[in-house]
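*Asks:* give the three-dimensional model of this entry:
(chains A and B)
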Amino acid sequence: MCDTCGCSTEGGAVLRKPGQSDYHLHVNEHENAHGEHHSHEHGDHHHEGSGRKVVLEQDVLQKNNLLAERNRGYFEARKIFALNFLSSPGSGKTSLLEKIIPALQQRFPVAVIEGDQQTTNDADRIQALGVPVIQINTGSGCHLDALMVNRAMKELEMQNNSLLCIENVGNLVCPALFDLGEALKVVIISVTEGDDKPLKYPTMFHEADICILNKIDLLPYVEFDAAKCRENAMRVNHHLEWFELSAKTGEGLAALREWLEGKMAQH
Amino acid sequence: MHEMSIALSIVEAVEERARQEGAGWVSEIELLVGKLAGIEPESLKFCFSAAAAGTLAARALLAIEEPEGVGECGECGMTFPVNFYYAECPACRSLRVKIISGEEFLIQSMTIEEEEE
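*Replies:* Residues are numbered from 1 along each chain as shown, chains lettered A, B, ... in the order given. Alright, predicted model coming up:
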């Protein structure tokens, strides 16, 4: 049950805005369902005892994929360049955004959608930068889906020609399967994790377009082979664009920033 | 545990179509889940029983076919079985492998029964 309005939305996602404790919006799963429930009389093909086989040949994720394409169309029409940031919890997604957004904001408008199971902590941190931000709380959900992003983007005041950063729920497994309508997927790993992570979670690295190795300032203190990690990532996906940086010290950030600026210019 | 939300989308898709077809209930659902689709069939079956409770698909059997992964080498063109995304071409050792099968994730068909039991 929702602790704010008392309605029963077991496991449903909720949108929140930082600093507005009375603002919350439920993402209703059934809102986009167009299917009216007809009851047909099918007297003409009556089968005794045995059932009738109906062929569907339908992608299981079709509903999500169709909605993701609608999101993609919306972004395209408004020339919004959307990135889906994916990683395990604690690899530094929010810290990276905090560090890079102030520089990017000088060149073009930036907006952020934050995904977490609970709290508006991340959205609060991003709001301090003065960019439009909305928090999606997925409740028990382990990933963002296209419907949540669809609702969030309508609530977010985005300018045309913006960069939209969507920070997914910290999880290296489930979010890989759900297209949100983004232009590119960005996967982040940090040197405090294992350098075999791309091999352990290949689906995520296979789906990603960009891989960022974060916290390289800690390399002297941990047993992490950055070259080996890169090689592992490339084995899973040889198209990966690779960056090594420290969101804390700022080392390596310029390369990512220039690359993003280049993408925004082409976009 | 994305299998739960996936089980819910299967139930939703199946139920919508079953109602259109005027079904009394659904007795079987055939799924195609490629070995590289990122879905655990056992976990999906487990979640399905919870997701389907109280729907037309509550008593449906899940029949899951699991196509093997097949890769095609971007260098020499050879096709060969792959179990992982980080496959290597057995002929030329290239890592430029394109997955051509094994990522399928489809609801193939369902069997509907006309009468309520």
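*Asks:* next SSE after the least confident helix or strand in chain B by mean pLDDT?
*Replies:* The weakest-scoring helix or strand in chain B, judged by mean pLDDT, DSSP states H and E, is strand B:97-101 (a mean of 88). Once strand B:97-101 ends, the next helix or strand along the chain (criterion: DSSP states H and E) is strand B:105-113.
*Asks:* next, the angle strand B:105-113 makes with the particular helix or strand that has residue A:58 in it.
*Replies:* For residue A:58, the enclosing helix or strand under DSSP H and E is strand A:52-59. If you take axes from the mean of the first three to the mean of the last three CA atoms, to 10 degrees, strand A:52-59 sits at 160 degrees to strand B:105-113.
*Asks:* need the longest helix for chain B.
*Replies:* Criterion DSSP state H: the longest helix present in chain B is helix B:2-20.
*Asks:* figure out how far that helix is from the centre of its chain.
*Replies:* 12 Å (CA atoms, centre = their mean, to the nearest Å).
*Asks:* in it, which residues are buried?
*Replies:* B:2-19 (16 or more other CB atoms under 10 Å in any protein chain shown). In short, each C-beta sits where N, CA and C put it, glycine included.
*Asks:* briefly note if the strand holding residue A:58 comes near chain B.
*Replies:* Yes: using CB under 8 Å from any CB of the partner chain, strand A:52-59 reaches chain B at A:52, A:53, A:54, A:55, A:56, A:57, A:58, A:59.
*Asks:* make a markdown table out of these and add pLDDT, neighbour count and distance to residue A:208.
*Replies:* Output for the residues of strand A:52-59 next to chain B, formatted as a markdown table (pLDDT from 0 to 100; neighbours: other CB atoms under 10 Å in any protein chain shown; distance: CB to CB, whole Å):
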| residue | pLDDT | neighbour count | distance to residue A:208 |
| --- | --- | --- | --- |
| A:52 | 92 | 16 | 43 |
| A:53 | 93 | 13 | 39 |
| A:54 | 94 | 16 | 37 |
| A:55 | 94 | 10 | 34 |
| A:56 | 92 | 18 | 30 |
| A:57 | 91 | 9 | 29 |
| A:58 | 91 | 16 | 27 |
| A:59 | 91 | 17 | 21 |
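*Asks:* so which bits of the stretch 51-200 of chain A are right by chain B?
*Replies:* Going by CB under 8 Å from any CB, the residues of the stretch 51-200 of chain A near chain B are A:51-64, A:141-143, A:145, A:173-174, A:176-178, A:198-199.
*Asks:* can you spell out which helices and strands pack onto the strand holding residue A:58?
*Replies:* If you count contacts as 3 or more CB pairs under 8 Å, 6 or more residues apart in numbering or on different chains; DSSP states H and E, strand A:52-59 packs onto helix B:2-20, strand B:105-113.
*Asks:* which helices and strands does the first one pack with?
*Replies:* Which is helix B:2-20. strand A:52-59, helix A:62-77, strand B:25-33, helix B:41-52, strand B:105-113.
*Asks:* and if we set it to 6 Å?
*Replies:* For helix B:2-20, the packing partners by 3 or more CB pairs under 6 Å, 6 or more residues apart in numbering or on different chains; DSSP states H and E come out as strand B:25-33, helix B:41-52, strand B:105-113.
*Asks:* and the closest residue in space to residue A:123 that isn't next to it in sequence, which of the three is it?
*Replies:* Leaving aside its chain neighbours, residue A:123 sits nearest to residue A:135 (3.8 Å; criterion: CB to CB, 6 or more residues apart in numbering or on different chains). Of the three states, residue A:135 takes strand under DSSP: H, G, I helix; E, B strand; the rest coil.
*Asks:* domain assignment for chain B?
*Replies:* B:1-67+B:103-117, B:68-101 (automatic domain parsing).
*Asks:* winner for burial among these?
*Replies:* Ranked by mean neighbour count, the domains of chain B are led by domain B:1-67+B:103-117 with a mean of 19 (mean count of other CB atoms under 10 Å in any protein chain shown).
*Asks:* and the closest residue to residue A:267 other than its chain neighbours, how far is that from residue A:194?
*Replies:* Among residues not flanking residue A:267 along the chain, residue A:81 sits closest, at 4.7 Å (CB to CB, 6+ apart). Using CB to CB, to the nearest Å, one gets 32 Å for the distance from residue A:81 to residue A:194.
*Asks:* now residue A:147
*Replies:* Distance check for residue A:147 against residue A:194: by CB to CB, it reads 33 Å.
*Asks:* contacts for the helix or strand residue A:263 falls within next, please.
*Replies:* Element membership of residue A:263, judged by DSSP H and E, is helix A:253-266. Contacts of helix A:253-266 with the rest of the structure, by CB atoms under 6 Å, 6 or more residues apart in numbering or on different chains, involve A:81, A:103, A:107, A:108, A:243, A:245.
*Asks:* closest to residue B:112 out of those?
*Replies:* residue A:81 (45.0 Å; CB to CB).
*Asks:* how near is the closest one to residue B:31?
*Replies:* Counting by CB to CB, the gap from residue A:81 to residue B:31 is 36 Å.
*Asks:* mind putting the helices and strands packed on helix B:2-20 in a markdown table, mean pLDDT and distance to chain A included?
*Replies:* Listed next are the helices and strands packed on helix B:2-20 as a markdown table, based on pLDDT from 0 to 100; distance: least, CB to the nearest CB, whole Å:
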| stretch | mean pLDDT | distance to chain A |
| --- | --- | --- |
| strand B:25-33 | 96 | 5 |
| helix B:41-52 | 92 | 10 |
| strand B:105-113 | 95 | 4 |
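*Asks:* make a markdown table out of those and add distance to residue B:99.
*Replies:* Shown next, in a markdown table, are the helices and strands packed on helix B:2-20 (distance: least, CB to CB, whole Å):
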| stretch | distance to residue B:99 |
| --- | --- |
| strand B:25-33 | 15 |
| helix B:41-52 | 19 |
| strand B:105-113 | 13 |
